[in-house]
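Novice: predicted model and sequence below, questions to follow.
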Amino acid sequence: MFLLNDVIQYLDAPDHPIRILWIDEAAHIAHVFALRRPGALPQAWSLHALRADLQARRARLLLHDPLHDPLRAPPYDPLRAPPASAPSPRQRALQLKAWEAVSALHADPAALYGARTRPALLARYAAGNGISVTSLMRYLRRYWERGQTIDALLPDYANSGGRGKQRAAGGVKRGRPRNGAAGGRNVDGMMRTLFQAAAARYAHEHGQLSRPDAYRQMVADHFSACAPDQIPSYGQFDYWLTRDGLPS
């Protein structure tokens, strides 16, 4: 089972792992993006081929996102490496502009990730919103490269929030749109308790904790009947386990 934002590293290209952006289960296709490649575009890969490469050990699923590694300097650690100062109002305005564009484009993932349909989609949005296609592609590449979160869209790699400060969620879902679905699920105290219990159960059953596998087990056990926009993301699961002091 692959998840959105999973990062897969191939042995013959270790410096350019691929991130899974969107999974078209009906077509058995994963749309992936090569990291650290300027000018990269999404590509459609067979889910069967990806599984075969993992089983043959030609590739491996990375347990930690290489662009969210706490050992790296900013900009690649938006949660654990806050900036020296908070983003300015101008930076926030630019972030919001980029977020509105990225969210709107992801409302039709089939068109966005299709090599033949993407140019027309971008052209329509550009014409209707007074923004260049070049700017749209810059927003999208930044979003795809840095983990598909709203923080990825802050200009100059500025990050939001501060170390140790929990931001109020309000009634709006934080993070990336889920394949164009409206709404989403914020994490409250009950959800954090479930995260901790899922991690503890996995560690007890397997002798050690693998956060990605614990997340998959939790989703299968507790969210199999839920709509996609009501399933907490792996990013939320990983973030709150870290915030609550559980081992990586």
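Specialist: In hand now; what should we look at?
Novice: contacts and neighbour counts: CA atoms only from here.
Specialist: Fine.
Novice: chain center to stretch 208-221, what's the gap?
Specialist: 17 Å (CA atoms, centre = their mean, to the nearest Å).
Novice: tell me the contacts of Tyr236?
Specialist: Just so we're on the same page, residue 236 is Gln rather than Tyr. Neighbour list for Gln236: Val187 [criterion: CA atoms under 8 Å, 6 or more residues apart in numbering].
Novice: show the average pLDDT along the helix or strand containing it.
Specialist: For Gln236, the element it lies in under DSSP states H and E is helix 234-243. Averaged across helix 234-243, the pLDDT comes to 85.
Novice: how long is stretch 198-215 end to end?
Specialist: Criterion CA to CA, to the nearest Å; first-to-last residue distance in stretch 198-215 is 7 Å.
Novice: so that it lines up with my notes, have the first residue be 256 from now on.
Specialist: Okay, residue one is now 256; in that scheme the one you just asked about reads as stretch 453-470.
Novice: give me the contact list for that stretch.
Specialist: 318, 472-473, 489, 492-493, 502-503.
Novice: can you give me how far it is from the chain middle?
Specialist: Stretch 453-470 sits 21 Å away from the centroid of its parent chain (CA atoms, centre = their mean).
Novice: can you list the buried residues in that stretch?
Specialist: Neighbour-count burial for stretch 453-470 flags 453-454, 456-457, 464, 466-467, 469-470 (criterion: 16 or more other CA atoms under 10 Å).
Novice: just stretch 380-394 next, same as before
Specialist: 380-381, 388, 391, 394.
Novice: also stretch 489-497?
Specialist: Judged by neighbour count using 16+ other CA under 10 Å, the buried positions of stretch 489-497 are 489-493, 495-496.
Novice: so which of those residues would you say is closest to His303?
Specialist: Checking the buried residues of stretch 489-497 against His303 with CA to CA, the nearest one is Tyr489 at 22.3 Å.
Novice: which residues does the closest one contact?
Specialist: Tyr489 is in contact with 467, 470, counting by CA under 8 Å, 6+ apart.
Novice: report the separation between it and Asp261.
Specialist: According to CA to CA, Tyr489 and Asp261 sit 9 Å apart.
Novice: how does the protein divide into domains?
Specialist: Listed domain ranges for the chain are 262-318, 323-438, 444-498 (source: automatic domain parsing).
Novice: which of the ones you listed sits closest to Met256?
Specialist: Of all the domains of the chain, domain 444-498 sits nearest to Met256, with 8.0 Å by CA to CA.
Novice: measure the closest one end to end?
Specialist: Its start and end residues considered, domain 444-498 measures 13 Å (CA to CA).
Novice: Leu351: neighbouring residues, count only.
Specialist: By other CA atoms under 10 Å, 15 other residues sit near Leu351.
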